[in-house]
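Asks: prediction below, plus the sequence it came from.
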Amino acid sequence: MGQLSVIAIAIVFGAAFIAPWLHRRLGDKCGIVLGLVPLAAAVLYASMVPTIAAGGAVAFRSEWVPSLGLAFDLRIDGLSLLFLLLISGIGVFVTWYAAGYLHGKKDLGRFYLYLFGFMGSMLGVVSSDHLVALFVFWELTSISSYLLIGYYHTAARSRASALQALLVTGTGGLAMLAGILLLGRMAGTYRVSELNALDAAALVAQPGFAAVLVLILLGAFTKSAQFPFHFWLPNAMEAPAPVSSYLHSATMVKAGVFLLARLHPLLSASPLWMPIVAPVGAVTMLLGVAMGLGQRDLKKILAYTTLSVLGTLTMLLGIGTEAAVKAAMVYLLAHALYKAALFMCAGSIDHETGTRDPDAVGGLRRAMPFTAAAALLAGLSMAGFPALLGFVGKEYFYKALIATDGQGALWEILGVSASVAMFALAATAAWKPFFGPLLPTPKHPHEAPWTMWIGPILLGVAGLKAGLFPGISGGMLIAPSVHAVLGSADHEIAYKLWHGWTLALGLSGVTVALGIVLYLAAPRIRAASARFAVLGRLGPERCYELLLSGTLGFADWLTRTTQNGYLRNYLLTIFLFTAALVLWTLPSELSLPDSSALIPLQFLPVVVCLLIIAGAVAACLALSRFYAILALGVVGLGVGMLFFLFSGPDLAMTQILVETLALVLFVLAFYRLPLFSHYSKLGTKIRDGIIAAGFGVVMTLVVLAEMGAGGADMSVSKFMGESSLPLANGRNVVNVILVDFRALDTLGEITVLAIAALGVWAIMRLRPKNTEKGGDK
């Protein structure tokens, strides 16, 4: 069964590559066909439900780079399966939705290429059992999401939002990579299943584990937009509605939450876990709904509620009790179902009316009945009304906060405050556009194509069914995921709709009452928020902008300073930096080699060296380019002679051939140029002479230091000589090194030369032609 997980990922990535071709053949209908791919993946994952619900796991392993201990490890347990079903299942509806939303777009095939690349990357993230493979897929999600968010690439805001998401999540990913590598060295393994099975207390007690925790948390916080990295997520709303629906429901923004849950058995043993994770989640939870109340864009409202939910999930995982983890898993499932539906509904409203302003739309239920029904079901779940999965999640959320030791009252106040605002925002996004009087809109409203409402309807119905019968989804999906997060199956997990007359039920009643009051006051809050919009420019996003502009400004200054078009300045920079670096690394007490280690002076090498010196001096004194090139040719040929005299015929042959070719090319290129017209001043010549002599002295010191330390390490040379014939079937060691041992280096050099040749060819083709007979050239 382990091969099924590989097949699912493979067919999704395969669909990405054929999507542009399929779009050229089928047009807009290609989305219907491509939607069958994630559907097939969902069926494959669904076939694993009985095995995993029974407490098992599905694993696959293939060696990747055995010499480095890297393997392609996949392992699907309860947590992975929950995410896999969400990613593939919602992916079906997003694919179909895009076919209607982006109808007629000539680059729809390119969109599907990005979408399925993103989908496959997310499947890899949640399936990986090896931290390095997980990181590779993690970064692929950052790259593919950059392409999706920037799909409207002609719009400056779209490009800026895409870059912002890439920089924030990419920087966090680099921090996470450092944490992963440190963790693997500490634990002696990179396999997640083995890490979670270790003695967590002993590993946490090791020096430096705090740094590992912070680095991994940075990766998770940036990916899931936790404060202070929250700002990129609402800005990502510049993407098309299908992208927003997918990113915010089941994929990228949940990747950070997944990582926290995946490593929970190990990382939660640290005493720093709860003091860092829970407060960060709580701040994000409150900040999301607070900022959402002032928005006048349905997508922005939903984005900020996503931010709040991500904070809620992070806070619950930070609290880390059994009740908190149970609440987090059911809350995660409920949010994925209703948020995907609501984003699609918001996109349909924009698509069919031409506006997303909640105060500018109303009474659309008759014009858009299917969209209204889907939005109502999803909105009720988001608000936490009974009989829907959102209500079950909110009940368990309150129960987890009540059961928190020591600070239960504080957590309850924070949780209820966020839920009240969430209720008001749910009503704004799902109730207000469809009920009340019909308001005039830029476009005459009508129902969206079936591909745009079938997904929201089915997702809304799924939320209702899971709420009415929580025991089914709880036993098949939620309970196994809780066992995976807690690292033990010893906990009895049972979900039900009715818990009796409890404090949690009372808090739900308070939430509804206060939520209605806040919803009625929401228009005035949105109107007043415009006065305080300037405050939003003073937060973390402003710091990001200053940092980015400062970095680009410094890069511009550095480029203008170092890349100023003068080859002499380039050489001076290289020589001075290299000399300083070498001198800094040389030992303070330089041990010179014994006289026995030095090669005695011989007549021919001395003559050749004098010839090289004469050529260098002649090049400096030459009054034309032609004579300067000839003098430099003497220097190059002299170096080749030295290689030959000291038993390096291959090097000598290469040097002489290259020098001859370069000499011919230089002569052909420069023979028409005039004599030198500008000469260096005396001060410049003295400066250049000092730098050249100093660099020569530094290189001499390096050679002497190496000889004094016992000579060069010959182990690599010995390996090359001994392995040339048996491993590469070649007797010429130099050739074997170039075309076998360092084949990729050689390929890279050939590629660079080919690109340079293409550039020269392109420039030559740009030569202006006569516009008319006798015209200027």
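Replies: Yep, it's here. Numbers count the residues shown, from 1 in each chain.
Asks: for L298, give me its contacts.
Replies: Applying CB atoms under 8 Å, 6 or more residues apart in numbering to L298 gives the contacts A346, I349, D350, R356, D357, P358, A429, P433. For the C-beta atoms, the positions are set from N, CA and C on the backbone; glycine is no exception.
Asks: list the buried residues in stretch 734-746.
Replies: Taking 16 or more other CB atoms under 10 Å as the neighbour-count basis, stretch 734-746 is seen to contain the buried residues V734, V736, I737, F741.
Asks: average pLDDT across that stretch?
Replies: Stretch 734-746 comes out with an average pLDDT of 83.
Asks: on that earlier part again, tell me which of the buried residues of stretch 734-746 fall in strands.
Replies: Among these, no residue falls in strands (DSSP state E).
Asks: narrow the contacts of L298 to those in helices?
Replies: Judged by DSSP state H, the subset of the contacts of L298 located in helices is A346, I349, D350, A429.
Asks: please parse the protein into its domains.
Replies: Residue ranges for the domains of the chain, per automatic domain parsing: 560-708, 731-769.
Asks: show me where the stretch 451-600 of the chain has its helices.
Replies: Listed in chain order, the helices found in the stretch 451-600 of the chain under DSSP state H, counting those that start in this stretch are 470-473, 479-486, 503-529, 540-562, 567-585.
Asks: for M707, find the nearest of the ones you listed.
Replies: Evaluated with CB to CB, the helices of the stretch 451-600 of the chain place helix 567-585 nearest to M707, the distance being 15.5 Å.
Asks: got a list of contacts for the helix or strand immediately after that closest one in the chain?
Replies: Using DSSP states H and E, the helix or strand that directly follows helix 567-585 along the chain is helix 603-621. If you take CB under 8 Å, 6+ apart as the criterion, helix 603-621 is touched by 627-628, 631-635, 638-639, 641-642, 645-646.
Asks: export helix 603-621 as CSV, just CAs?
Replies: What follows is the C-alpha trace of helix 603-621 in CSV, where atoms were taken according to Å, rounded to 0.1, in the frame of the first residue of the first chain:
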residue,chain,number,x,y,z
PHE,A,603,69.2,26.8,-15.6
LEU,A,604,66.1,26.4,-17.9
PRO,A,605,63.4,27.2,-15.2
VAL,A,606,65.4,30.4,-14.3
VAL,A,607,65.5,31.4,-18.0
VAL,A,608,61.8,30.8,-18.4
CYS,A,609,61.0,32.8,-15.3
LEU,A,610,63.1,35.7,-16.5
LEU,A,611,61.3,35.5,-19.8
ILE,A,612,57.9,35.7,-18.0
ILE,A,613,59.1,38.7,-16.0
ALA,A,614,60.3,40.4,-19.2
GLY,A,615,56.9,39.7,-20.9
ALA,A,616,55.1,41.2,-18.0
VAL,A,617,57.3,44.3,-18.0
ALA,A,618,56.9,44.7,-21.8
ALA,A,619,53.1,44.4,-21.5
CYS,A,620,53.1,47.3,-19.0
LEU,A,621,55.3,49.5,-21.2
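Asks: D405: neighbouring residues, count only.
Replies: Around D405 there are 7 other residues, counting by other CB atoms under 10 Å.
Asks: related to what we said a few turns ago, ok, of the contacts of L298, which one's closest to K326?
Replies: Ranked by distance to K326 (CB to CB), the contacts of L298 are led by A429 at 27.2 Å.
Asks: returning to what we had before: pLDDT, neighbour count and distance to V667 added to the contacts of L298, as a markdown table?
Replies: Below are the contacts of L298 laid out as a markdown table (pLDDT from 0 to 100; neighbours: other CB atoms under 10 Å; distance: CB to CB, whole Å):
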| residue | pLDDT | neighbour count | distance to V667 |
| --- | --- | --- | --- |
| A346 | 93 | 28 | 69 |
| I349 | 93 | 29 | 72 |
| D350 | 91 | 19 | 67 |
| R356 | 90 | 23 | 68 |
| D357 | 88 | 17 | 71 |
| P358 | 88 | 25 | 75 |
| A429 | 91 | 27 | 74 |
| P433 | 92 | 31 | 76 |
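Asks: shaky segments in the stretch 201-350 of the chain?
Replies: Applying pLDDT under 70 to the stretch 201-350 of the chain flags the ranges 250.
Asks: sorry, slip of the keys, the one I care about is the stretch 601-750 of the chain.
Replies: In the predicted model, the stretch 601-750 of the chain carries pLDDT under 70 at residues 671-679, 708-714.
Asks: any chance of the backbone angles for R191?
Replies: Recorded main-chain torsions at R191 are phi -80, psi 130, according to degrees, to the nearest 10.
Asks: you'd agree L74 is in a helix?
Replies: No. The assignment for L74 is strand, going by DSSP: H, G, I helix; E, B strand; the rest coil, so no helix is present there.
Asks: E63: helix or strand, and which one exactly?
Replies: Using DSSP H and E, E63 sits in strand 58-65.
Asks: typo on my end, H23
Replies: Assigned by DSSP H and E, H23 belongs to helix 2-26.
Asks: same check on L661?
Replies: With elements taken from DSSP H and E, the one containing L661 is helix 649-670.
Asks: against which helices or strands is that helix packed?
Replies: When contacts are defined as 3 or more CB pairs under 8 Å, 6 or more residues apart in numbering; DSSP states H and E, helix 649-670 sits against helix 625-645.
Asks: apply 10 Å and report the result again.
Replies: Contact analysis of helix 649-670 by 3 or more CB pairs under 10 Å, 6 or more residues apart in numbering; DSSP states H and E lists helix 625-645, helix 733-736 as its packing neighbours.
Asks: need the contact partners of that helix.
Replies: Among residues not part of helix 649-670, those counted as contacts by CB atoms under 10 Å, 6 or more residues apart in numbering are 624-626, 628-630, 632-646, 648, 732-735, 738.
Asks: which parts of it are buried?
Replies: By neighbour count with 16+ other CB under 10 Å, helix 649-670 contains the buried residues L651, A652, Q655, I656, E659, L663, F666.
Asks: quick one: the helix or strand just after it to helix 603-621, angle?
Replies: Elements were assigned by DSSP H and E; along the chain past helix 649-670, the next helix or strand is helix 682-708. Here helix 682-708 runs at an angle of 150 degrees relative to helix 603-621 (axes from the mean of the first three to the mean of the last three CA atoms, to 10 degrees).
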